[in-house]
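**Student:** I'd like to go over a predicted model; first the sequence, then the structure.
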Amino acid sequence: MVTGVREFEEQDDVVRSLAARLVAGDESALEVIYDRWSALVHTYALRALGDAHDAEDVTQQVFVAAWRSRHTLTPSASALPAWLIGIARHKIADVREARARDARRSEAVAALPVLDAVDQSADGEVAERLVVRQAVDELPDPRRTIVLLAFWQGLSHTEIAETVGLPLGTVKSHVRRGLIQLHQQLEGVRHVPR
Amino acid sequence: MFHVDLDDLADLVLDPDATPEAVRTHVASCPACRDRLDALLDVRRLADGEPLVAPPDRVRDRVLAQVRDADPGAGTADGRRPLSVAGAPAEARRSRNRVPVWAAGLAAGIALVAGLGLGRLTGDAPATPEATDPGTVVAAADLTALDSDAARGVASAVEKDDTLTLRVSAEGLDDSDGVHEVWLINTDGKRMVAIGFLASGDTGQFDVPLGLIEQGYRIVDISVEPDDGDPTHSGVSLARGELA
Ligand SMILES: [Zn+2]
């Protein structure tokens, strides 16, 4: 248990110090933050808006807005990705409003509102799925491969042990720790801690 | 009664048949453990997303160009604020106005927890516990360095007249620049509260809310904090130990 806590805290400390550097106006922190979370924001916008051009625009707006409103960020580990996702959500809503306005103007109202209603109800889960996906991709191998085989491919622990050539007990422990690490990342971006 | 730890809950998700009966019985009757189990099941359910798609490089260039154009003064530490007891709640109020709704609750929650610790700080109370009724030691921890097992003193939680006091008596802390701050870290690895400074450098006692330790804030941590106005943990821990 203590090992797990430390492992997670080290990760936490990195993110916390990034947040603090951003708040203090350190531009290089913005670059690091962009490199780490732009794919998350971009994919979220892509899924929510279904348009590559709009997704690029939203991504750009989110990180520029993050810089400009950096004083509002509480420098803590979990607040940083949650904050970026929150900004993205607003920018996505803005694009949808603009689209609805355009649609009303051109009186091509028929298709859009229905689509948007579906999108919006699924938004929360879209973001959470992406956070989990990012979390697994950030795991060090062999844990990443093992967790992908277990959850994404649905292989049994025995099948994984054969595939990666590691003892069954080692595989089990990687899957267990992996699940907990994904859990911690997801809880970090949920607005109400459980 | 202790709760089921996260590892056992994970096993319950991954291999329910192999889980001991006692674990299952406890979870079935404990809302707190049931919630944590549900959260883990949620992770399992959400673990099927496609890989993320990075934006084209031109987006990065545009972001940096826009930021540099509009903010020639970037790079100065303009976000600093003084560390004060009143600082945390004020920060939370300000955040609430500007942070998106989705994140505002989170930011405020963190500030509130930090405020709780600071508000209860007893300050530089003299460390002469022997002179009075010692109370009952309900938990204690041997403090050690993080990079070795070198002894760094002791901490004890003493209950007396419905008050819980954490007494810290550290030794061998490296006397580099900065003040020594005491934290309680939750065993969930996600939450921590600052409970006060070691005014003398190595000893101090702090009243903490009853129940904090039961909530899992069992890991005593001593950090060295630079005088930079940043109320969060510096990330440099000199000693740590778990109350048991
Ligand atoms: Zn329980």
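**Tutor:** Right, received. Where do you want to start?
**Student:** just checking, what packs against the host helix or strand of B:Asp207?
**Tutor:** B:Asp207 belongs to strand B:203-208 when assigned by DSSP states H and E. Packing contacts for strand B:203-208, counted by 3 or more C-beta pairs under 8 Å, 6 or more residues apart in numbering or on different chains; DSSP states H and E, involve strand B:163-170, strand B:179-186, strand B:192-197. (Glycine included, C-beta is placed from N, CA and C.)
**Student:** give me that answer again for 10 Å
**Tutor:** helix B:101-119, strand B:151-160, strand B:163-170, strand B:179-186, strand B:192-197 (3 or more C-beta pairs under 10 Å, 6 or more residues apart in numbering or on different chains; DSSP states H and E).
**Student:** against the ion, how distant is the residue most central in space within chain B?
**Tutor:** Centroid-nearest residue in chain B: B:Met192, 1.0 Å away (criterion: C-alpha atoms, centre = their mean). When distance is defined by C-beta to the ion, to the nearest Å, B:Met192 is 22 Å away from the ion.
**Student:** ok, that residue touching B:Leu212?
**Tutor:** No: applying C-beta atoms under 10 Å as the test, B:Met192 and B:Leu212 come out as separate, 11.2 Å apart.
**Student:** the chain: helices as residue ranges?
**Tutor:** Answering for chain A, as no chain was given. Applying DSSP state H to chain A gives helices spanning A:2-23, A:27-49, A:52-68, A:79-106, A:112-137, A:143-147, A:157-164, A:168-189.
**Student:** not what I meant, chain B
**Tutor:** B:6-14, B:21-29, B:31-46, B:57-70, B:87-98, B:101-119.
**Student:** and those, which one's lowest on average pLDDT?
**Tutor:** Here the helices of chain B differ in mean pLDDT, and the lowest is helix B:87-98 at a mean of 33.
**Student:** got the helices of chain A as TSV, with mean neighbour count columns?
**Tutor:** Below are the helices of chain A laid out as TSV (neighbours: other C-beta atoms under 10 Å in any protein chain shown):
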stretch	mean neighbour count
helix A:2-23	18
helix A:27-49	21
helix A:52-68	21
helix A:79-106	18
helix A:112-137	17
helix A:143-147	19
helix A:157-164	16
helix A:168-189	21
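**Student:** any chance of these in JSON lines, plus distance to B:Asp202 and mean pLDDT?
**Tutor:** What follows is these, written out as JSON lines (distance: least, C-beta to C-beta, whole Å; pLDDT from 0 to 100):
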{"stretch": "helix A:2-23", "distance to B:Asp202": "23", "mean pLDDT": "71"}
{"stretch": "helix A:27-49", "distance to B:Asp202": "34", "mean pLDDT": "96"}
{"stretch": "helix A:52-68", "distance to B:Asp202": "41", "mean pLDDT": "96"}
{"stretch": "helix A:79-106", "distance to B:Asp202": "32", "mean pLDDT": "88"}
{"stretch": "helix A:112-137", "distance to B:Asp202": "39", "mean pLDDT": "73"}
{"stretch": "helix A:143-147", "distance to B:Asp202": "39", "mean pLDDT": "97"}
{"stretch": "helix A:157-164", "distance to B:Asp202": "48", "mean pLDDT": "96"}
{"stretch": "helix A:168-189", "distance to B:Asp202": "33", "mean pLDDT": "94"}
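**Student:** kindly reformat those as JSON lines containing distance to the ion.
**Tutor:** Output for the helices of chain A, formatted as JSON lines (distance: least, C-beta to the ion, whole Å):
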{"stretch": "helix A:2-23", "distance to the ion": "18"}
{"stretch": "helix A:27-49", "distance to the ion": "33"}
{"stretch": "helix A:52-68", "distance to the ion": "38"}
{"stretch": "helix A:79-106", "distance to the ion": "27"}
{"stretch": "helix A:112-137", "distance to the ion": "25"}
{"stretch": "helix A:143-147", "distance to the ion": "26"}
{"stretch": "helix A:157-164", "distance to the ion": "26"}
{"stretch": "helix A:168-189", "distance to the ion": "16"}
